[in-house]
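1. here is my input, please return the structure:
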Amino acid sequence: MNSITKEQLVEACAAYVERKLNTVQRAIDDLEAALKLETKCSMGDKYETGRAMLHLEFEKLAGQHEEFRKLRKTIRIIPVGRKDEQITFGSAVKTSVANYFIAIPAGEVKAGDEKFYAVGASSPIAQALSGKAAGEKLEFNGREILIKEVI
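-> Presented below is the predicted three-dimensional model:
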């Protein structure tokens, strides 16, 4: 496998983050519209409760938006041209169990015809794989895993 596959993995992760950012932004926009509408509606306790609920939802969405912005920054620092000997942040790893991309927690992504699980560097599987090289074995969750290739 070559750096094109790693580039494809980065592109797939970037697309995932952009989709999530767009979804959260649309929800924020809808919430802002609802908040303006709520302001024009009736006064009283019911009004205050509704407004408070909208503000709580807005804060939650703002937090999600910030998290996805951080993931976007993380994706941009992945060294796509680097060929790794040992597993580290930015490595694509083929194992006897599954293929992993140590980058951001984006779930299943595709590079060409191959599936990879994009996982954050602090995830348990990434920690278990970290520092290992092709040909090494490790035990994770009671299963023996052979590292076939590190990209």
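2. just the mean pLDDT for the lengthiest helix in the chain, thanks.
-> As far as residue count goes, and with DSSP state H defining each element, the longest helix of the chain is helix 3-40. Averaged across helix 3-40, the pLDDT comes to 88.
3. and it, what does it pack onto?
-> The helices and strands touching helix 3-40, judged by 3 or more CB pairs under 8 Å, 6 or more residues apart in numbering; DSSP states H and E, are helix 45-76, strand 92-95, strand 99-103, strand 107-111, strand 114-120. C-betas here are computed from N, CA, C, even on glycine.
4. export these to TSV and append columns for mean neighbour count and distance to Glu11.
-> Converted to TSV, the helices and strands packed on helix 3-40 look like this (neighbours: other CB atoms under 10 Å; distance: least, CB to CB, whole Å):
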stretch	mean neighbour count	distance to Glu11
helix 45-76	14	9
strand 92-95	22	13
strand 99-103	25	11
strand 107-111	15	9
strand 114-120	18	12
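5. which stretch among those comes nearest Glu139?
-> For the helices and strands packed on helix 3-40, the distance to Glu139 is smallest for strand 92-95, at 12.2 Å, taking CB to CB.
6. not counting that closest one itself, show me its contacts.
-> Counting by CB atoms under 8 Å, 6 or more residues apart in numbering, the neighbours of strand 92-95 from elsewhere in the structure are 1, 5-6, 9, 87, 99-102, 111, 116, 129, 145-151.
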